[in-house]
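Asks: kindly return the folded structure for what I paste below:
(one chain, ligands or ions: 1)
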Amino acid sequence: MNGFVQTPPQLPDGWASDRTLRETLQWLLGDETFAVAGPLLAAVGAMATSSRTLELAARAEREPPEHIPYSTWGDRIDDIRVSSSWTELGRLGVEAGVTALPYEDSPFGAKARVVWGAVLAMWGPSSALYSCPVAMTDGAARTLLEHGEADDLSLVERLTTRNFERAWTSGQWMTEMTGGSDLGRTQTTASREADGSWRLYGTKWFTSATTSEMALTLARPDGAPAGARGLALFRVHRHLDSGERNAIYVRRLKDKLGTRALPTAELELQGAVGHPVGAPSGSGVKRMATMLNITRIHNSIGAAGALGRGLAWARAYGREREVLGRPLQSMPAHASTLADLAVDYHAALALVMRCCELMGLAERGDASTDERTLLRGLTPVTKLTTGRWSIAGVTEAMEAVGGVGYCEDSTIPALVRNTHVIPIWEGTTNVLALDVLRAERGSGAASAVMADALRHVQGLLNHPSIGYAASAVMRAVDELSDRLSSFTLEPDQAQAGARSFALGLGATYACARLCRQGRWAQASGSTTTAATAHRLAARGLVPPGPPEDLALALEEVAESEAEPS
Ligand code: MFK
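Replies: Next up, the predicted model:
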């Protein structure tokens, strides 16, 4: 009998072992605040990677939600039962502050969102997608604060408490059969009753965290115009104040590639009571954008967290596995693959933590106009860039663990499946790229991202170890500016070029941030971040644009797809 048994890799502590996350936080918080945040972050890191939490996550993945349409006695109940492990993961997150931290009086001030971003990045990959209701709950709380009236504001405490027994989550019901992106085609209507209440009628086609106590949704008040400008924003509760069910019926649960512990349903609103958030005029999409911008940052943190988790597994395996008489981690081919994965992770963190920093300022009213514009542009850029990186990165991590990584009980397949939703949720890569152009048209937000990238590399062009990356940022901004100018001439060319432009902008901005962080880290003798900036730049920051003769290229594709005669 063969006596060989592979020592299993152990996922290391999520905070203590993650030098990249710790250095980034220390840079952003400064030594004093970092020292205050340290114990909190250490506790979350240990919780997120403990064997108990990992077992809860694995069990939640194995116990998908169940839809119980009728009671034993024939009542329509539309109960959705979720795994108790999934609920417990929610408790761990809520008690750690994933919904509360940014709304509390904390010692972190405007940096609370930075600390929160690290908490979420560590807990998210262990949460079996409880991170999804958390994202929407945060988005709903902020939307109610910004656009709501007294009744709305009274709910914010329940959305942002650390007391899990009191805590509510919120859904975000937007997608209908007519489209997930083209919300102007929303068919749900809202009718005003004689008693002044509003009733909603329609089908919501893809609603996640359907067990949430409330949701924000869009509907067209009777008589309102067609298109996005006719939509109003409503708050809908699963149960009425009387305790009765609201008129919301579950058609079925979705059978998804991943996010299996998370209930996602098709819902019918058959006269469901809704409460307008702000005046029920046509500014629903604009108000919903408050929520969308927040959930997009959550989504990006999810991408960075997934990259970090994949990298941690790949490193853990490389430490234990022996190949040709050497530890796998010392094999040059393997080591350089993991080094590239580490670049993706750090670059993703650089983007998401900058969004957190700006969001914290904006939410406290401390952001300048320029910083608000920058956040408007950086949010879609970060979401689309980190989404693409995360898919490639976790797939690479799975390969690095070999055949075991492809087996369910390693938990890595769940990580890969769950990461695949990231570029799709909250707007696909292309939808987000078009949003970058919308934000540029509205307030020059893409130009603001480029200007801030240049500001970051100022004074670094001749630096011995950072000059190469800093110069690459300068050249990339020149190229991106040229592309942006050409977009104003040709609307079709602009749409076709939006994706490569936005991905280039994401990589360029990440590189600029890494240059600045690398410069700071060198003072304490660390050269890793400078080398990371160098490596990112060496890959090339701006992908090729669309073919110059777009019409001809599209014609060729059409011809190649024509039916043979
Ligand atoms: C790990 C954690 C993961 C978290 C998961 C959460 C799960 C949730 C699951 C889902 O709900 S997925 C649903 C995903 N759906 C989308 O993301 C919608 C995608 N579509 C878009 O993003 C469209 O761009 C959008 C519907 C927002 C707008 O397109 P339209 O209908 O063509 O509207 P228009 O006329 O461009 O914009 C209307 C107004 O909103 C404009 O303002 P004005 O009226 O003042 O001109 C826009 O400027 C404004 N606006 C649009 N997007 C904005 C925005 N304002 C600020 N920020 C934005 N992002």
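Asks: the ligand contacts on the stretch 401-550 of the chain?
Replies: 425, 426, 427, 431, 435, 438, 442 (Cβ under 6 Å from any ligand atom). No exception for glycine: its C-beta is placed from N, CA and C like everyone else's.
Asks: helices - which of those residues land there?
Replies: With DSSP state H as the criterion, helices contain 431, 435, 438, 442 from among those.
Asks: partners of the longest strand along the chain in the sheet?
Replies: Determined from DSSP state E, the single longest strand within the chain is strand 264-276. Applying DSSP bridges to the sheet, strand 264-276 is found paired with strand 198-208 (antiparallel), strand 232-237 (antiparallel), strand 248-253 (antiparallel).
Asks: quick one: the helices in the stretch 201-350 of the chain?
Replies: Assigned by DSSP state H, counting those that start in this stretch, the helices in the stretch 201-350 of the chain fall at 284-320, 332-363.
Asks: format these as a markdown table; extra columns: distance to the ligand.
Replies: Supplementary listing: these in a markdown table, determined by distance: least, Cβ to the nearest ligand atom, whole Å:
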| stretch | distance to the ligand |
| --- | --- |
| helix 284-320 | 3 |
| helix 332-363 | 11 |
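Asks: can the ones you listed go into JSON lines with extra columns for distance to residue 411?
Replies: Putting the helices of the stretch 201-350 of the chain into JSON lines (distance: least, Cβ to Cβ, whole Å) gives the following:
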{"stretch": "helix 284-320", "distance to residue 411": "8"}
{"stretch": "helix 332-363", "distance to residue 411": "18"}
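Asks: still on that earlier bit, of the residues of the stretch 401-550 of the chain next to the ligand - the most surrounded one?
Replies: residue 426 (30 neighbours; other Cβ atoms under 10 Å).
Asks: roughly how far apart are the residue of the stretch 351-500 of the chain found nearest the ligand and residue 248?
Replies: Closest contact between the stretch 351-500 of the chain and the ligand, by Cβ to the nearest ligand atom, is at residue 427 (3.5 Å). Here the criterion is Cβ to Cβ, to the nearest Å. By it, residue 427 lies 25 Å from residue 248.
Asks: likewise for residue 183?
Replies: 20 Å.
Asks: neighbour count winner among those two?
Replies: Looking at residue 183 and residue 248 with other Cβ under 10 Å, you find the greater number of neighbours at residue 248, namely 24 against 19.
Asks: got the buried residues for the helix or strand of the chain with the lowest mean pLDDT?
Replies: Across the helices and strands of the chain, mean confidence by mean pLDDT, DSSP states H and E is lowest for helix 550-560: a mean of 74. Buried positions in helix 550-560, judged by neighbour count with 16 or more other Cβ atoms under 10 Å: none.
Asks: CA atoms only: put it into PDB for me.
Replies: The C-alpha trace of helix 550-560 is given here as PDB (Å, rounded to 0.1, in the frame of the first residue of the first chain):
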ATOM      1  CA  LEU A 550     -15.800  49.500 -37.000                       C
ATOM      2  CA  ALA A 551     -18.500  49.300 -39.700                       C
ATOM      3  CA  LEU A 552     -16.200  47.000 -41.800                       C
ATOM      4  CA  ALA A 553     -15.300  44.900 -38.800                       C
ATOM      5  CA  LEU A 554     -19.000  44.400 -37.900                       C
ATOM      6  CA  GLU A 555     -19.900  43.600 -41.500                       C
ATOM      7  CA  GLU A 556     -17.200  40.900 -41.500                       C
ATOM      8  CA  VAL A 557     -18.500  39.300 -38.300                       C
ATOM      9  CA  ALA A 558     -22.100  39.400 -39.700                       C
ATOM     10  CA  GLU A 559     -20.900  37.700 -42.900                       C
ATOM     11  CA  SER A 560     -19.100  35.000 -41.000                       C
END
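Asks: run the chain-centre distance for it.
Replies: Remark: helix 550-560 is offset 34 Å from the chain centroid, using Cα atoms, centre = their mean, to the nearest Å.
Asks: could you do stretch 220-240 as well?
Replies: With Cα atoms, centre = their mean as the basis, the mean position of stretch 220-240 lies at 26 Å from the chain mean.
Asks: quick one: is it near the ligand?
Replies: Yes: part of stretch 220-240 sits near the ligand under the criterion Cβ under 6 Å from any ligand atom, namely residue 228.
Asks: end-to-end on that stretch?
Replies: Stretch 220-240 has an end-to-end distance of 22 Å (Cα to Cα, to the nearest Å).
Asks: can you pull the buried residues of it?
Replies: Buried residues in stretch 220-240 (16+ other Cβ under 10 Å): 220-221, 224, 228, 230-238.
Asks: can you lay out these as JSON lines showing pLDDT?
Replies: Converted to JSON lines, the buried residues of stretch 220-240 look like this (pLDDT from 0 to 100):
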{"residue": "220", "pLDDT": "96"}
{"residue": "221", "pLDDT": "96"}
{"residue": "224", "pLDDT": "94"}
{"residue": "228", "pLDDT": "92"}
{"residue": "230", "pLDDT": "95"}
{"residue": "231", "pLDDT": "96"}
{"residue": "232", "pLDDT": "96"}
{"residue": "233", "pLDDT": "97"}
{"residue": "234", "pLDDT": "97"}
{"residue": "235", "pLDDT": "98"}
{"residue": "236", "pLDDT": "98"}
{"residue": "237", "pLDDT": "98"}
{"residue": "238", "pLDDT": "96"}
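Asks: distance of whichever residue of the stretch 1-150 of the chain sits closest to the ligand relative to residue 144?
Replies: Closest contact between the stretch 1-150 of the chain and the ligand, by Cβ to the nearest ligand atom, is at residue 135 (3.6 Å). Using Cβ to Cβ, one gets 15 Å for the distance from residue 135 to residue 144.
Asks: neighbour count: these two, which is higher?
Replies: residue 135 (31 against 26).
Asks: check what pLDDT the more buried one gets.
Replies: Predicted confidence (pLDDT) at residue 135: the value is 98.
Asks: make sure it is actually in contact with residue 300.
Replies: No: at 10.4 Å, residue 135 does not count as touching residue 300 under the criterion of Cβ atoms under 8 Å.
Asks: for residue 474, give me its contacts.
Replies: 454, 457, 461 (Cβ atoms under 8 Å, 6 or more residues apart in numbering).
Asks: after the helix or strand that contains it, which helix or strand is next?
Replies: Using DSSP states H and E, residue 474 sits within helix 467-487. As assigned by DSSP H and E, the chain's next helix or strand after helix 467-487 is helix 491-522.
Asks: quick one: buried residues of that following helix?
Replies: 493-522.
Asks: between it and helix 550-560, how many degrees?
Replies: Note on geometry: by axes from the mean of the first three to the mean of the last three Cα atoms, to 10 degrees, helix 491-522 and helix 550-560 are set 100 degrees apart in direction.
Asks: show me what helix 491-522 is packed up against.
Replies: Where contact means 3 or more Cβ pairs under 8 Å, 6 or more residues apart in numbering; DSSP states H and E, helix 491-522 is packed against helix 19-48, helix 332-363, helix 369-400, helix 429-443, helix 445-457, helix 467-487, helix 528-538, helix 550-560.
Asks: could you check the angle the fifth one makes with helix 332-363?
Replies: Here helix 445-457 runs at an angle of 110 degrees relative to helix 332-363 (the same axes, to 10 degrees).
Asks: centre of the chain to helix 445-457, how far?
Replies: 22 Å.
Asks: quick one: the residue nearest to residue 34 when sequence neighbours are not counted and residue 304, what's the gap?
Replies: Distance criterion Cβ to Cβ, 6 or more residues apart in numbering; nearest residue to residue 34, sequence neighbours excluded, is residue 26 at 4.6 Å. Distance, residue 26 to residue 304, by Cβ to Cβ: 17 Å.
Asks: more neighbours, those two?
Replies: Taking neighbours as other Cβ under 10 Å, residue 26 and residue 304 compare with residue 304 leading, 32 against 19.
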